[in-house]
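Undergrad: Prediction below, plus the sequence it came from.
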Amino acid sequence: MKEQLLAILDKATDSLDAAKLLADQGYFDFAASRTYYAMFYTAEALLLARGLSFSSHAAVIANYGKEYSKTKDMDRKFHKYLIAVQDLRSQGDYSYHPGVSENHAREAISWAAEFIQVTKAYLEDK
């Protein structure tokens with residue numbers, strides 16, 4: 001399972017790197033989408049560390065909240081960030097106007113970077 005966790009976290013990091021590149025080129029809607037996936041994959045890795053796997057985005061987000069936010073195993077802000085970035089992704093992917101602002105995209109990128117970093121440290125301690 002450790003190999004699979006590392007693969008998921010690598011994918012999260014790649015998604016974050018892609019989000020940064022997209023934001024730097026002014027593609028804030030698409031940066032928001034990649035940022036969401038960076039956070040989503042990170043939440044999936046944490047759930048997998050507990051032997052849990054879910055087939056829907058809603059189930060991953062809800063169960064991350066149950067397993068890590070409500071128990072305070074991870075700072076509750078990460079669950080709030082994940083929900084907020086899911087909303088940004090929806091705005092970026094499905095709305096035509098207004099799009100995701102540069103400020104919101106860059107803020108979400110910083111949240112995802114912190115979430116990945118804290119998750120890696122958390123899993124190393126386990």
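TA: Happy to help now that I have it.
Undergrad: from here on, contacts and neighbour counts on C-alpha atoms
TA: Noted.
Undergrad: Can you list the helices and strands that the host helix or strand of Ser110 packs against?
TA: Ser110 belongs to helix 102-125 when assigned by DSSP states H and E. With contacts taken as 3 or more C-alpha pairs under 8 Å, 6 or more residues apart in numbering; DSSP states H and E, helix 102-125 sits against helix 2-24, helix 28-49, helix 77-94.
Undergrad: right, and the helix or strand after the second one?
TA: Read in the C-terminal direction, the helix or strand following helix 28-49 is helix 57-64, with elements assigned using DSSP H and E.
Undergrad: now for that following helix, which elements pack on it?
TA: Applying 3+ C-alpha pairs under 8 Å, 6+ apart, one finds that helix 57-64 makes contact with helix 28-49, helix 77-94.
Undergrad: Columns mean neighbour count on top of those, output as CSV?
TA: Formatted as CSV, the helices and strands packed on helix 57-64 follow (neighbours: other C-alpha atoms under 10 Å):
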stretch, mean neighbour count
helix 28-49, 26
helix 77-94, 19
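Undergrad: So which of the ones you listed is nearest Arg106?
TA: helix 28-49 (8.4 Å; C-alpha to C-alpha).
Undergrad: what helices or strands is the closest one leaning on?
TA: helix 2-24, helix 57-64, helix 77-94, helix 102-125.
Undergrad: can you list those helices in JSON lines and add mean pLDDT?
TA: Output for the helices and strands packed on helix 28-49, formatted as JSON lines (pLDDT from 0 to 100):
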{"stretch": "helix 2-24", "mean pLDDT": "96"}
{"stretch": "helix 57-64", "mean pLDDT": "98"}
{"stretch": "helix 77-94", "mean pLDDT": "96"}
{"stretch": "helix 102-125", "mean pLDDT": "96"}
